[in-house]
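Q: Here you go, sequence then predicted model.
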Amino acid sequence: MRKFIAFFMAALLLCALLTGCGAKPSNPLKPDPSEPNETTEEPAKQPESKNPDTAGETAGTFNSAYTAFNNAKTALVNRILDSLTESESGGMAALGLLGLPMIDLSLIPVSLMGIDNTSLQVGLSILSVSDIDYQEKGNNYTLSYKDSEGNTWKYDVQYKIGGKDHAQCTVKKQEAEMLYFEYMKTSFGYAAQYFSHEEDGSGIIYLIAGNENADGIVGISGSISQPVTFGDSLAPDFPKQCESWFSVQGDKGEAVTAD
C-alpha cells in the first residue's frame, strides 16, 4: 500500500509538472466562463466526418492526440462513476470500473511519448526509474526502464495506423506482457480497449466508446481471451458485447452487470 501511495503521489506531481510546462488544460465538456474572449488557443471545430475512412485522420503529434483521447475518456468514465455512486446499488456496480484509474497510472509513461526527450527524462525521473532508453522511429515509439525494485518495463507504441488517429500499445514487465491498449478516433468519437493480464493468467478487458460530449459506453469482461484489433466497421455500441456495460447518452443512463 505504501508503494502504491508513493507512486500515486509521484503521478500527481508529474501531472502538475506537465500542466505547468504546457498549455492550460481545458475541460472537454465545459469551456472556462472566466475566459470568454480567449479564442486564439481554441482551434475552430471542424465538421465531424461520417466517412470511417477519413474520420480518424490527424495531423497532430502522438502526445497531443493521446492527451485529447484521454481527456474525453476520463470525462466519460467520471460521468458514469458519478451517476452510479448516487445510489447504493450503483455504488457496488461502480467497483468494476475502479481498475481503469490503476491502468491509467501504468500508462503515464505513454503520455510522455512524442514530446522532447528532456521533458520525458524529467517526467520519468519523478517516478523513480533508471536506465531509461527511449527511441522514436517515425510513428513508432519504444521506451524501457527499470523501476525501483529492478524490474524492467518496456512500452511499444505504434501510432497513425493506416494514417489515422489510431494507436496500439503493449506494456511488458520482465518480458511478460502485462497490458494491451488501443484507441482509435472514429466517426462517433473515440473507441478504446484495455486488456489487462491478471496474475492468475486470466484477462480483463475494458471496451470504451465515447465522444467529446462525454456520452458513451464502457464495457467490462473477464471472458474475452484476447482483444481484436479495431477495424473501420466498428459499431458505436460495440462495448455492449461485454458481460457488464454502462451507457450514458444525453440524460439517459443504462447498465447491465454480470450479476
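A: Nice, thanks for sending it over. Numbering: from 1, shown residues only.
Q: Now do the SS call for residue 232.
A: Counting by DSSP: H, G, I helix; E, B strand; the rest coil, the backbone at residue 232 sits in coil.
Q: Tell me how far it lies from residue 259.
A: Between residue 232 and residue 259 the computed distance is 35 Å (CB to CB, to the nearest Å). From N, CA and C alone the C-beta is placed, and that goes for glycine too.
Q: what sits opposite the nearest residue to residue 107 once chain neighbours are set aside in the beta ladder?
A: If you skip the residues right next to it in sequence, residue 107 has residue 181 as its closest partner in space, 6.5 Å away by CB to CB, 6 or more residues apart in numbering. With DSSP bridges applied, the residues forming beta bridges to residue 181 are residue 169, residue 194.
Q: how about residue 254, what does it touch?
A: By CB atoms under 8 Å, 6 or more residues apart in numbering, the contact set of residue 254 is 246-247.
Q: now do the one 3 residues further on
A: Shown here is residue 257, whose contacts under the criterion CB under 8 Å, 6+ apart are 93, 96, 243-244.
Q: Taking those together, which two end up most distant?
A: By the measure CB to CB, 93 and 243 form the most distant pair in the contacts of residue 257, at 12.2 Å.
Q: in the stretch 1-150 of the chain, which segments are predicted with low confidence?
A: Of all residues in the stretch 1-150 of the chain, those with pLDDT under 70 make up the ranges 1-60.
Q: Let's see that with 90 instead.
A: For the stretch 1-150 of the chain, the stretches with pLDDT under 90 are 1-61, 82-102, 105, 114-128.
Q: quick one: the strands in it?
A: 130-137, 140-146 (DSSP state E, counting those that start in this stretch).
Q: Spell out for me which residue occupies the centre of the chain.
A: When the chain is reduced to its mean C-alpha position, the nearest residue by CA atoms, centre = their mean turns out to be residue 70, at 4.5 Å.
Q: any idea how far it lies from residue 140?
A: For residue 70, the distance to residue 140 under the criterion CB to CB works out to 20 Å.
Q: circling back: just the buried ones among the contacts of residue 257, please.
A: For these, a burial check counting by 16 or more other CB atoms under 10 Å picks out 93, 96, 243-244.
Q: Give me the below-cutoff pLDDT ranges for the stretch 151-259 of the chain.
A: Residues of the stretch 151-259 of the chain that meet the criterion pLDDT under 90 lie in 197-205, 207, 211-213, 221-228, 231-233, 243, 251-259.
Q: Go again with 80.
A: Under the criterion of pLDDT under 80, the regions of the stretch 151-259 of the chain flagged as low confidence span 198-203, 223-226, 258-259.
Q: returning to what we had before: isn't the residue nearest to the centre of the chain right next to residue 111, touching?
A: Yes. Applying CB atoms under 8 Å, one finds residue 70 in contact with residue 111, separated by 7.0 Å.
Q: if we can go back for a sec, of residue 232 and residue 259, who's got more company?
A: residue 232 (14 against 7; other CB atoms under 10 Å).
Q: how about the more buried one, phi and psi?
A: With angles defined as degrees, to the nearest 10, residue 232 shows backbone torsions of phi -70, psi -20.
Q: what does stretch 173-181 rub up against?
A: By CB under 8 Å, 6+ apart, the list of residues contacting stretch 173-181 from outside reads 103, 106-107, 110, 151-154, 168-172, 192-197, 227.
Q: and if we set it to 7 Å?
A: Contacting residues not belonging to stretch 173-181 are listed as 103, 106-107, 151-153, 169-172, 194-197, 227 [CB atoms under 7 Å, 6 or more residues apart in numbering].
Q: Just the buried ones from the residues you listed?
A: Buried members of these, counted by 16+ other CB under 10 Å: 103, 106-107, 153, 169-172, 194-197, 227.
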